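whatever this is, show me its structure:
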Amino acid sequence: MSEYHNPVLLDESISALIGSPKGIYADATFGGGGHTSEILRRIDPEGRVISFDRDSDAIANKPDDDRLTLIRSDFRWIQNHIIHQGYRAGIDGILADLGVSSHQFDTAERGFSFRYEAPLDMRMNQKGKLTARDIIAEYSEEQLADVFYYYGELKQSRRLAAAIVKARSSKGDIATTGQLAELAGPLLGFDREKKDLAKMFQALRIEVNGEMKVLKQMLEQATDILAPGGRLVIMTYHSLEDRIVKNHIKGTDKKDKNHTDAHAMIFGQTKTALKPINKNVITASAEELARNPRSRSAKLRIAEKS
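Here you go, the predicted model:
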């Protein structure tokens, strides 16, 4: 399991998540199973865990425990699955680690990293249709620039987009991570080349997997399916997703506690506020950073349903 992915902020996140050892908890991002396994270790025999992942490689990490239900799905459908499992009254906590697993980054053929020569893929769900190669080959110059600007926050977004469109019309298909990095590198500046290449690949990955849209869908549903006192525990890794999580918690905290909508009424629940638990984000300790450098960008936010 540790070879697949080293779970980040493990004690901090699980301690924040579990209120009752007899509770029902969801791990929206199963991955290597590190967080799920720790939840299982801390709950009683009566407790239950429902975990989700859309990556078939991750499903192979399922521990042998009758208290766990592992569902191959991304978390955009979390509410439907929780209700289907019989928990209409709400669950006691939802955890989501939004980072890409070490396994995905380090498996060259998945195409997530410019460190390896590989096909431009980047699909979290290998059954998905859209790949990074499709985006590079088919998006217009304006669409590419928007992807790089909004999802990579790259100042050179328009230069990159123009260079890609010019290269594909004169040289043909840009099919591999190496071809794309070779094309983009000279446009990024020597001192920032690796950082900006990482941002460019991040932008493509977000677009391939619809990450921002899926995250917003999950957050809206999380508010509905948490029982009163239930915790939402989320780890983010870049400013875009952290802003979405922060604003969601802040926004729902200001909603009228008596507000109801048609969807909530169907399932017998009232949409109530989320209360932020930690004023400042929790980050990895010096000890964890030394052990797992990939934890350096992790930010933990915790909210509780009133």
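
from now on I want contacts and neighbour counts done on CA atoms only, so please keep to that.
OK.

distance from the chain centre to the longest strand along the chain, please.
The residue-count maximum for a strand in the chain (DSSP state E) belongs to strand 226-236. On the basis of CA atoms, centre = their mean, to the nearest Å, strand 226-236 is displaced by 15 Å from the centre of the chain it belongs to.

that strand: what's the following helix or strand?
helix 239-253 (DSSP states H and E).

mind listing what's buried in the helix or strand hosting Arg159?
In this assignment (DSSP H and E), Arg159 forms part of helix 157-170. By neighbour count on 16 or more other CA atoms under 10 Å, the buried set for helix 157-170 is 157-158, 160-161, 164-165.

the next helix or strand after that helix versus helix 157-170: what angle between them?
Remark: after helix 157-170, the chain's next helix or strand is helix 177-188, criterion DSSP H and E. Between helix 177-188 and helix 157-170, the angle comes out at 130 degrees (axes from the mean of the first three to the mean of the last three CA atoms, to 10 degrees).

got the contact list for helix 177-188?
Contacts to helix 177-188, defined as CA atoms under 8 Å, 6 or more residues apart in numbering, come from residues 111, 113-114, 116-120, 156, 159-160, 163-164, 174, 193, 196-197.

do that again at 6 Å, thanks
114, 117-118, 120, 193 (CA atoms under 6 Å, 6 or more residues apart in numbering).

so for the helix or strand following that helix, mean pLDDT?
Using DSSP H and E, the helix or strand that directly follows helix 177-188 along the chain is helix 193-209. Regarding helix 193-209, the rounded mean pLDDT is 94.

and helix 193-209, what does it pack onto?
helix 141-152 (3 or more CA pairs under 6 Å, 6 or more residues apart in numbering; DSSP states H and E).

switch the cut-off to 7 Å
Applying 3 or more CA pairs under 7 Å, 6 or more residues apart in numbering; DSSP states H and E, we find helix 193-209 packed against helix 141-152, helix 177-188.

turn the ones you listed into a markdown table, including mean pLDDT.
Shown next, in a markdown table, are those (pLDDT from 0 to 100):
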| stretch | mean pLDDT |
| --- | --- |
| helix 141-152 | 97 |
| helix 177-188 | 94 |
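
so what touches stretch 197-208?
Taking contacts as CA atoms under 7 Å, 6 or more residues apart in numbering, the residues outside stretch 197-208 that touch it are 122-123, 130-132, 147-148, 151-152, 181.

let's see it at 6 Å
By CA under 6 Å, 6+ apart, stretch 197-208 touches 122, 130-131, 148, 151-152.

quick check on these: which are buried?
Using 16+ other CA under 10 Å, the buried ones in those are 122, 130-131, 148, 151-152.

which members of those residues are the farthest-apart pair?
Leu130 and Gly152 (18.5 Å; CA to CA).

what residue of the protein is the furthest out?
Going by CA atoms, centre = their mean, the residue of the chain most distant from its centre is Ser170, 36.4 Å out.

and the pLDDT for that residue?
Confidence score, pLDDT, at Ser170: 93.

same question for the one 4 residues further on.
Model confidence at Ile174, given as pLDDT, is 96.

ok, it to Asp92 distance?
For Ile174, the distance to Asp92 equals 47 Å [CA to CA, to the nearest Å].

so Leu120 sits against Asp134, correct?
No: if you go by CA atoms under 6 Å, Leu120 and Asp134 don't touch, sitting 8.5 Å apart.

more neighbours: which of these two?
More crowded of Leu120 and Asp134, by other CA atoms under 10 Å: Leu120, with 28 against 16.

for the more buried one, what are its contacts?
Leu120 sits in contact with 111, 132-133, 175-177, where contact means CA under 6 Å, 6+ apart.

which one of those sits closest to Gly189?
Taking CA to CA as the measure, Gly189 lies nearest Thr177 of the contacts of Leu120, at 18.5 Å.

can you report how many residues lie near that closest one?
Neighbours around Thr177, by other CA under 10 Å: 24.

distance check, Arg296 against Pro63.
As for Arg296, its distance to Pro63 is 28 Å (criterion: CA to CA).

quick one: least confident helix or strand in the protein?
None of the helices or strands of the chain scores lower by mean pLDDT, DSSP states H and E than helix 262-266, at a mean of 44.

before we move on, back to that, between the contacts of helix 177-188, which has the most around it?
Leu120 (28 neighbours).

on that earlier part again, more crowded one of Ile174 and Asp92?
Asp92 (25 against 20).
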